[in-house]
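[1] After the sequence you'll find the predicted model.
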Amino acid sequence: MEMSQHVRVRFAPSPTGYLHVGGLRTALYNYLFARHHGGAFVLRIEDTDQSRKVEGAVENLISTLDWAGVHFDEGPGRDGGHGPYVQSQRLDIYHKHAAQLVKAGKAYYCFCTAERLEEIRAKQLALKLNPSYDRHCRDLPGEESERRKQAGEKCVVRLKVPLVGEVVFDDVIRGTVTIACNILDDQVLIKSDDYPTYHLAVVVDDHLMGISHVIRGEEWLPSTPKHVLLYRYFDWDLPVFAHLPLLLNPDKSKLSKRQGDVAVEDYRAKGFLKEAIINFIAYLGWNPGDDRELFSMEELVKEFTLERVGKSGAVFNVEKLNWLNFQHLRNKPNAEVLGMFRQALSQSPFSGRAYTDAYLLSVITAMRERVTFVKDFLEKSPYFFEPPTQYEQDVVKKRWKPDSGKHLQELAKELSKVENPQKEDYETALHRVSELLNVKHSDLIHPLRLAVSGVGGGPGLYDILFILGKDETIKRITTAIERLS
């Protein structure tokens, strides 16, 4: 795609609560496109539907975007000369433009009551027709409209859609889109509460804010012909449109809260890394054209183009997100993981205890290939932070033999003789006892693992022993013998 002008894109959410993962994808694609072309990324708050507005939602939205690394250049609190960036603060602008359309005969005042509109709708549904406004007020004389308006009669402003012909526009992802005018409704532009509808506000704002590319979800595609008409009625240049594919559940239904989490905050609370979430969401509709799967934000900026965004719905696969989280966590430097680990520790039952960096780094090294989340360091290996209080029963039945207690007693004696043991010294001691007792190594290894960790799996046994240290290892062997023999 040739860039004939300076790129300016926007993300324009409604402040209705949490940030949906689909919203983050829209924001991310706009951000990547802007950064790729050296343009500007604008955040605009579309709060014209005051009934759905949630207190604190804007602050939460900005905080979530910043956490994810999707930083806007202009928006609330970051003025770039095109504000205000909150629609409820721009009402005069919309009224001025609506009046301009009415004056030019491109829009009209409609005085139909809610009761009349409901009556029309019911009749149309009974006749199996698509409900739409019957254009009752479309041809009211201007003087009558003005008189009724001045008399204080409630009204809305409606778009005067052509009765014949087609609206044709190009979409980077969809190609050429053609819609017959006769299936378009005379859309409301200004509601009876004096607030604009999305349709008027989005076009006016995108034009006045110099938006060059409108990148948004597929659900807005049916509304785009009305927007194109508005651009033409105002005699403004069209932006470039790109409508992103739907996000789908694994069963191919539209992604919704009924089948799982859809809020970015939910995934953040579960411990997903922002790098994994961004990498995963980038792939919900886009691909780099090869088999690469791991991307940093910088790499995505370099590679992202709208031409590589597909039309078909993108399946939200949580298993893939888990895998990406594992990969990104594994690739992080120890120092960064240590900081996150300490944060997790501070919110855990082990928070009152002091651990050296060296101790925690040894746990990280031992467990790195076995954890998907930072919290897994604690949940999958609590034995590094407290002695086992119980022992996995299946493992006890399978691995703790009648002689296991005696065998481990000999091992504890052998270990007590070793001064300042290193990792290999634990292995050497176990081999010596194995030969002394004339038993297989496994007859010692399995009950020993059970004694020190309470479970049958985990990282290398000698890694665990070395991290715990000689005294703690012997203490745990003694306790296990008492409890299990």
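    Arrived safely, thanks for sending. Residues are numbered from 1 along each chain as shown.
[2] Nearest spatial neighbour of the residue located most distally from the centre of the chain, chain-adjacent residues omitted?
    Outermost residue of the chain with respect to the C-alpha centroid, by C-alpha atoms, centre = their mean, is L436; its distance is 58.7 Å. Closest residue to L436 apart from its sequence neighbours, by C-beta to C-beta, 6 or more residues apart in numbering: E410 at 6.9 Å. Where you see a C-beta, it was placed from the backbone N, CA and C, and this is true even at glycine.
[3] For the stretch 251-400 of the chain, which segments count as helices?
    Using DSSP state H, counting those that start in this stretch, the helices found in the stretch 251-400 of the chain span residues 264-269, 274-282, 297-303, 318-331, 334-346, 357-367, 376-379, 393-399.
[4] and those, which is most packed in?
    Mean neighbours per residue, mean count of other C-beta atoms under 10 Å, is largest over the helices of the stretch 251-400 of the chain for helix 274-282, with a mean of 23.
[5] Need the contact partners of it.
    Helix 274-282 has contacts (C-beta atoms under 8 Å, 6 or more residues apart in numbering) with 21, 24-25, 28, 32, 67-70, 264, 267-268, 293-297, 300, 304, 320-321, 324-325, 327-329.
[6] how far away is the residue nearest to L436 from E74?
    Shown here: E410 relative to E74, a distance of 73 Å by C-beta to C-beta, to the nearest Å.
[7] quick one: which of these two has more around it?
    E74 (20 against 16; other C-beta atoms under 10 Å).
[8] Now do the contacts for Q327.
    For Q327, the contacting residues are 276, 293-294, by C-beta under 8 Å, 6+ apart.
[9] ok, which stretches of the stretch 101-250 of the chain are strands?
    Counting by DSSP state E, counting those that start in this stretch, one finds strands in the stretch 101-250 of the chain at the ranges 107-110, 156-159, 166-171, 175-180, 188-190, 213-217, 240-244, 247-248.
[10] Show me the shaky parts of the chain.
    1-5, 257-261 (pLDDT under 70).
[11] hmm, try it at 50
    2, 4 (pLDDT under 50).
[12] next one: phi and psi at L437?
    Phi and psi for L437, reported as degrees, to the nearest 10, are phi -90, psi -10.
[13] How about the one 5 residues further on?
    Per-residue torsions, S442: phi -60, psi -30 (degrees, to the nearest 10).
[14] just T64 next, same as before
    Dihedral angles (degrees, to the nearest 10) for T64: phi -70, psi -40.
[15] As JSON lines, the strands of the stretch 101-250 of the chain with distance to L140 and mean neighbour count would be great.
    Listed next are these as JSON lines, based on distance: least, C-beta to C-beta, whole Å; neighbours: other C-beta atoms under 10 Å:
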{"stretch": "strand 107-110", "distance to L140": "7", "mean neighbour count": "23"}
{"stretch": "strand 156-159", "distance to L140": "11", "mean neighbour count": "22"}
{"stretch": "strand 166-171", "distance to L140": "25", "mean neighbour count": "14"}
{"stretch": "strand 175-180", "distance to L140": "26", "mean neighbour count": "12"}
{"stretch": "strand 188-190", "distance to L140": "16", "mean neighbour count": "24"}
{"stretch": "strand 213-217", "distance to L140": "33", "mean neighbour count": "22"}
{"stretch": "strand 240-244", "distance to L140": "34", "mean neighbour count": "22"}
{"stretch": "strand 247-248", "distance to L140": "44", "mean neighbour count": "20"}
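[16] Output the ones you listed in TSV; the columns should cover distance to D92.
    As requested, the strands of the stretch 101-250 of the chain are arranged in TSV below (distance: least, C-beta to C-beta, whole Å):
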stretch	distance to D92
strand 107-110	17
strand 156-159	15
strand 166-171	29
strand 175-180	32
strand 188-190	12
strand 213-217	24
strand 240-244	28
strand 247-248	36
